[in-house]
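> What shape does this take:
(one chain, ligands or ions: 1)
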Amino acid sequence: MKALIVVDYTYDFIAEDGRLTCGEPGRQIEERVALLAETFWDKGHYVIFAVDVHEENDPFHPETALFPPHNVRGTKGRALFGSAGIVYERLARQDQDRLYWLDKTRYSAFAGTNLEIKLRERGITELHLAGVCTDICILHTAIDAFNRGFSVTIHQDAVQSFSKTGHEWALNHFENVLGANVTASYDVPSVD
Ligand code: ZN
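Okay, the predicted model is just below:
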């Protein structure tokens, strides 16, 4: 079993009026993200939606000084965007053991969560990442995965960022520094 982690593909990060939106580039990967989730599911893999959760203006949170409020608990900003939300709802009506909604409070999906336990108890060593932002939450999750000995695949046409420079820098970093497999979603049908 492998795991696909869809990171922060929510209203606030993707929608035109989202509070910390990646804009049009974020919306361009919508169908790719949804296709990946469906394909991994169909092949019997573990599909995780890792989703930021913040308290509005939390004085103790390091992101408060860095970014506008986003993905605030109880707001529509935390809803999965578009096709990703539709796929999640469809899968949630099926096998709950292979679908996981993971709230996270930091960039990395490993920070302060039970993600590693969920992966280890299933014997999963191979992680696939999609979503946003390439150079922030995807990057920090990939670094933590690298440090924990997981193999990492980045689906490059299913990740995006506010920053084109940051996106491109991170893709290079994944491949050349973290030893990740950087691939495109059109390879998905070969996922086994
Ligand atoms: Zn955040």
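> beta partners for the residue in the chain positioned nearest to the ion?
Using C-beta to the ion, the single residue of the chain nearest to the ion is Asp52, 4.1 Å away. Where you see a C-beta, it was placed from the backbone N, CA and C, and this is true even at glycine. On the basis of DSSP bridges, Asp52 is bridged to Lys104.
> Contact partners for it?
With contacts defined as C-beta atoms under 8 Å, 6 or more residues apart in numbering, Asp52 is in contact with Asp8, Thr10, His70, Asn71, Arg78, Lys104, Thr105, Cys137.
> What's the local residue count around the first one?
If you count neighbours by other C-beta atoms under 10 Å, Asp8 ends up with 29.
> For it, give me the pLDDT.
Per-residue pLDDT puts Asp8 at 98.
> and what of the third one?
At His70, the pLDDT value in this model is 95.
> and it, what helix or strand is that in?
Following DSSP states H and E, one finds His70 outside all helices and strands.
> for Glu89, same thing?
With DSSP H and E as the test, Glu89 turns up in helix 82-92.
> All the strands of the chain, residue numbers only.
3-7, 46-52, 99-104, 126-132, 151-160, 181-183 (DSSP state E).
> So which residues on the chain come close to the ion?
With C-beta under 5 Å from the ion as the criterion, the chain comes near the ion at residues Asp52, Glu63.
> can I get the contacts of Asp52 in CSV with distance to Phe162?
Listed next are the contacts of Asp52 as CSV, based on distance: C-beta to C-beta, whole Å:
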residue, distance to Phe162
Asp8, 12
Thr10, 14
His70, 11
Asn71, 15
Arg78, 18
Lys104, 19
Thr105, 20
Cys137, 12
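> Just the buried ones from these?
Buried members of these, counted by 16 or more other C-beta atoms under 10 Å: Asp8, Thr10, His70, Asn71, Arg78, Lys104, Cys137.
> Tell me which two of those sit farthest apart.
Arg78 and Cys137 (14.0 Å; C-beta to C-beta).
> Buried by neighbour count: which residues of stretch 87-101 qualify?
Val87, Tyr88, Leu91, Arg98, Leu99, Tyr100.
> I meant stretch 144-159, not that one.
Result for stretch 144-159 [16+ other C-beta under 10 Å]: buried residues Asp144, Ala145, Phe146, Phe150, Val152, Thr153, Ile154, His155, Gln156, Asp157, Ala158, Val159.
> do the same with stretch 106-115
Neighbour count says stretch 106-115 has Arg106, Tyr107, Ser108, Ala109, Phe110, Thr113, Leu115 buried, by 16+ other C-beta under 10 Å.
> And the contacts of it?
For stretch 106-115, using C-beta under 8 Å, 6+ apart, the contacting residues are 5, 7, 48, 50, 102-105, 116, 136-137, 139-141, 143-145, 148.
> what's the model's confidence in it, averaged?
98.
> just checking, Glu116 touches Gly149?
No - using C-beta atoms under 8 Å, Glu116 makes no contact with Gly149, being 10.4 Å away.
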